[in-house]
Structure formats: structure tokens, C-alpha cells
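Participant: pasted the sequence and its predicted model underneath.
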Amino acid sequence: MGKRVCIIGGSGFVGRAIARQAVAAGHQVTVACRHPARARDQLVKGVRLARVDVTDGSGLAEAVAGVDVVINLVGLLFEKGRQNFEAAHTKGAGHVLEACRSAGVKQLLHMSALGAGQVEGSKYAGTKAEAEALVAASGLNYTIFRPSIIYGAGDSFFNKFKAMSQMLPVLPVISGETRFQPVWVEDVARAFVASIGNSHVAGCTFELGGPASYTFRELLELMLKELGIKRTLIPVPGVAAFLMAAFTSVLPTPPITRDQLVLLGRDNVVEGDEPFPAIFGKAAPLEQVLPSYICGNRAETIQHDLDDMRTRYRKGGV
């Protein structure tokens, strides 16, 4: 039976994938975000838009009224003004929890991050952990997800370095030996949608990673190979990276921040032998998905295979 679902932060990269899959699964979806006008392309049958701001709680009561499930995806990659980690992650989670309790929401699915609370000196990781603690103590029926780097069409990881590679003859590499376990956005969305109304995930925290881990340098090399171009990868010393972060922090979208430098100093991989929970099927290999969107002129030719692969992995097949 379809549920009434409110996705807070639903106009972003991950939120759009979850909204699409949730509608396809028969759920009624409310996409709640700060700028609904930017999400008008999501207005399909089964979706409505709502204006909310978790930093002050405005609009939350109206957005979650009468819904069965709330999905909180709010997260910042960097701080700007009042949009800071504490306001968005910690206080924002508190406002969401308060609204859920007042509305009698039956289930909360919360997006955290791999490494939350485990990276000393990172405000991002620290506030993500604080939000997890609030969720766990809320008394609500909750599930927490901790993904590694999320990639896919429209991502801010591979696409950023693709743009850099097209402008520069070299690519700077900061903390090139740090390991990551990228997970496809469609797999992350599948985990969320499969959890809607699922009593087996109550009170659980799931780490989400792809089938394999890679160093940062290996990820850049894989991207360049798919693009069919050669670029020199230049290691950036720690002092130079720190100065770069300091000087570019004033930009609207800084390429690197001091907090991100701290995060880059620690591996971001799933603990244990199961990188993607079997309850949600199998995660797609990066090598099969990356060509579908990173190479514009090749993407259409393999889209059919990608669609078939998505179906198979949704069913847990090989």
C-alpha cells in the first residue's frame, strides 16, 4: 500500500532519485525544500512541493502534517552565513524531530554520513553524529543511513573533476591515498524507498558503500580513462592545500574547505564484509555506471544496458 512520504531536502541530487523511485513504487511524495521554485521540474503525478527551512523550522509543521513517513536528507557540503553545519545538521534535525512528533509521523528515515563522529576536527562529521544521537533518542521509529561518496548523473564529485580536467592540463590531487567506497545514487535511493513502511529496519543504522574501494587518485584515473583523455596528476602538499582552502573559502562554491581537508585525511570506507546491506539487494559496480553519464557522447549508446542493470540489481540479481 502506498504511503504519504515527505522528503525534506528532496530537491537535491539524492532527493530527486528517491522521489522518482518512491513515486514509481506507488507512494505520494511531498518534496520539501527552501526554494520550491527550483524543483518545479519534479512536479509529476504523485508529487507536491512545500517550502521549509530546517534551520529555523519554518514550514515543517505544514509539510509533515498527515504524512506517514519523513525522509530527512538535509546536509551541507560547506558553510555559508547562517547555513552552517550546526544549524542544518544538528538544530535542523531537532526541528524535524519536533515536527514529526507533533504530527504523529509513523517513521523517520535519516540521512547521515559514513564516518560521522569519527573524524576529529571535522565540524561536518561532528554535527552529523550529533544529529544521529538526537534521532536515536527521539522515541520515533527511525532508520539511519551512512553513505560513502554518492555518485551518478548530476553528481558534484566526478562532474566537478571532469570540468577541471577539461580546463586544465593537470589535476591537483589532495590526499591521493585516502580510500573511498563510492555508491550509486540509485542504489542509495533504493535503500531508502525499500525502507518505507518496512518494520525490519526499525532502529537500525546502515552503512552504504559500493562493491569496491578506491584511492582518490585511482578514482581520478578511472574517470580520465572513461573520458579518453590524459592529464598529469599533481600531488598537493598539505601546506599548499591548507593555503588553497583558506584563499578559496570566500568563493560562492569553494573547491575545497578546511573542514573537507580534515575529512580527506581519513579513509571513507564501510567497516565489515558487507559494503551494501543485503536486505536492499546488491550495489552496482562503479565501472559499469560511470560511463553512462560521464561521457556525454557515449551515454546514450549504453543507456539500455544501464536500465537493464538497474532492474537486475533492484531485484538482487547478479
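Facilitator: Noted; the coordinates are in hand. Numbers count the residues shown, from 1 in each chain.
Participant: burial count for Ser102?
Facilitator: 12 (other Cβ atoms under 10 Å). (Each C-beta comes from the backbone N, C-alpha and C, glycine too.)
Participant: oh, that last question was meant for Pro252, not what I typed.
Facilitator: Pro252 is flanked by 5 other residues according to other Cβ under 10 Å.
Participant: quick check: closest non-adjacent residue to it.
Facilitator: Taking Cβ to Cβ, 6 or more residues apart in numbering, and ignoring the residues beside it in sequence, Pro252 has Lys80 as its nearest neighbour in space, at 7.8 Å.
Participant: which ones are touching the residue in the chain sticking out farthest from the centre?
Facilitator: Taking Cα atoms, centre = their mean, the residue of the chain most remote from its mean C-alpha position is Pro169, at 29.8 Å. Contacts for Pro169 (Cβ atoms under 8 Å, 6 or more residues apart in numbering) come out as Arg231, Thr232.
Participant: could you point out the helix or strand that follows the helix or strand hosting Met244?
Facilitator: Mapping Met244 onto the secondary structure by DSSP states H and E places it in helix 238-248. Remark: after helix 238-248, the chain's next helix or strand is helix 258-264, criterion DSSP H and E.
Participant: contacts for that following helix?
Facilitator: Taking Cβ under 8 Å, 6+ apart as the criterion, the residues outside helix 258-264 that touch it are 77-79, 85, 115, 119-125, 174-175, 178, 216, 238, 241-242, 245-246, 249.
Participant: okay, the residue farthest from the centre of the chain and Lys230: tell me how far apart.
Facilitator: Shown here: Pro169 relative to Lys230, a distance of 10 Å by Cβ to Cβ, to the nearest Å.
Participant: overlap of the contact sets of the two?
Facilitator: Shared contacts of Pro169 and Lys230, counting by Cβ under 8 Å, 6+ apart, come down to nothing at all.
Participant: quick check: phi and psi at the residue farthest from the centre of the chain.
Facilitator: Backbone torsions of Pro169, given as degrees, to the nearest 10, read phi -80, psi -10.
Participant: model confidence for it, exactly?
Facilitator: Per-residue confidence (pLDDT) for Pro169: 91.
Participant: switch to numbering from 24
Facilitator: Will do, 24 is the new start, and the previous item becomes Pro192.
Participant: any idea how far it is from Ile257?
Facilitator: Computed as Cβ to Cβ, the Pro192 to Ile257 distance reads 10 Å.
Participant: what of Ala152?
Facilitator: Applying Cβ to Cβ, one obtains 34 Å for the distance of Ala152 from Ile257.
Participant: so for the two, which sits in the more crowded spot?
Facilitator: Of the pair Ala152 and Ile257, Ala152 is the one with more neighbours under other Cβ under 10 Å, namely 20 against 11.
Participant: which SSE is the closest residue to the more buried one other than its chain neighbours in?
Facilitator: In space, and not counting its chain neighbours, Ala152 is closest to Gly140: 2.8 Å by Cβ to Cβ, 6+ apart. Using DSSP H and E, Gly140 sits within no helix or strand.
Participant: ok, Cys29 next?
Facilitator: Here Cys29 is covered by strand 27-31, with elements defined by DSSP H and E.
Participant: show me what that strand is packed up against.
Facilitator: helix 36-47, strand 51-56, helix 83-87, strand 92-95 (3 or more Cβ pairs under 8 Å, 6 or more residues apart in numbering; DSSP states H and E).
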